[in-house]
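Novice: Quick check, what structure comes out for this input:
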Amino acid sequence: MTTSSSEQGVSLGMPQLPAPAYPDDVRARLEADGREIIARYPDSRSALLPLLHLVQAEEGHVTRTGQQFCADLLELTTAEVAAVATFYSMYRRRPSGDYQVGVCTNTLCAVMGGDAIFESLQEHLGVGNGETTDDGKVTLEHIECNAACDFAPVVMVNWEFFDNQTPASARRLVDDLRAGAPVEPTRGAPMCTFKETARILAGFPDERPGAVEASGGAGPASLVGLRLARGETAPARVVHPRGSGAPQNEPPTEHLGSHDAPQDTSASDPAHPAGPVAEEGE
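Specialist: Residues are numbered from 1 along each chain as shown. Take a look at the predicted model:
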């Protein structure tokens, strides 16, 4: 018995038409920005990554038109551009929201409550992974690692950090984003839209007053290794197995992160909650 091409999901129709061009005024503006980007590199091909951010800043994702623009400017084939645009997850391939909300579900964040946060946000927003709310404000996705394990569980919005989150705090966060209320990251610059973030990633200055000064840096927990490398010492701590009855050393005066601090993190393991089991209002 044979299976037809339609049953296999294979399209044998006409090839895809060429991508539509940008309007003349848009193309002229993007070309000026694109030439500025290309001038930074000794080899024009090296400019492809920031150029993809540039076209993403225009439409909110990398369209076929944007890929054709990059190919034309760099004298590449569209296949060469598409190979890069589809390799990196930072380039969106379909329309997405003003705020990309990424919940880390890699091992440590998952253990500390990342899985519970992601499930809570899916239910609260009524969307699945990679989907956008009806108002076009929030795109939810789970991501492998935010490189901020010291503050697990971590949520990122347009690449800005929100540390030590719980299901309740994450729900408040997305509600504020959708309502247009002021939202301040735990560390980093003030919030802006995904398109504005993409333009900054293309290498253009963040011209918002005070944004650069507020960008901050690593938190205390992330700097422990640097302190040790400099010969600075920290109070010794001995952590005994749970339930061993052994005396605990006095905790340090400075809470370094979710590992050390009694943060209200969510409970992935109901038998051993990392924080209060009851949600707010219960």
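Novice: from here on, contacts and neighbour counts on C-alpha atoms
Specialist: Fine.
Novice: What does the pLDDT read for C145?
Specialist: At C145, the model reports a pLDDT of 87.
Novice: Just give the number of residues close to V101.
Specialist: 27 (other Cα atoms under 10 Å).
Novice: Give the other helices and strands that the helix or strand hosting it contacts.
Specialist: Under the criterion of DSSP states H and E, V101 resides in strand 99-104. With contacts defined as 3 or more Cα pairs under 8 Å, 6 or more residues apart in numbering; DSSP states H and E, strand 99-104 has these neighbours: helix 114-125, strand 138-143, strand 155-157.
Novice: helix or strand right after that strand?
Specialist: By DSSP H and E, the next helix or strand past strand 99-104 is helix 107-112.
Novice: Tell me, how many residues neighbour A181?
Specialist: A181: 11 neighbours (other Cα under 10 Å).
Novice: Report the backbone C-alpha coordinates of stretch 94-105 in CSV.
Specialist: The C-alpha trace of stretch 94-105 is given here as CSV (Å, rounded to 0.1, in the frame of the first residue of the first chain):
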residue,chain,number,x,y,z
ARG,A,94,6.8,34.5,13.0
PRO,A,95,5.0,37.5,14.4
SER,A,96,5.4,37.8,18.2
GLY,A,97,4.5,40.0,21.1
ASP,A,98,5.9,43.3,22.3
TYR,A,99,7.3,41.4,25.3
GLN,A,100,9.1,38.1,24.9
VAL,A,101,8.7,36.3,28.3
GLY,A,102,11.1,33.5,28.6
VAL,A,103,10.9,31.1,31.6
CYS,A,104,14.1,29.1,32.2
THR,A,105,13.2,25.4,32.5
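Novice: what about the helices in the protein?
Specialist: 24-38, 48-59, 64-74, 78-85, 107-112, 114-125, 167-179, 194-201, 224-229 (DSSP state H).
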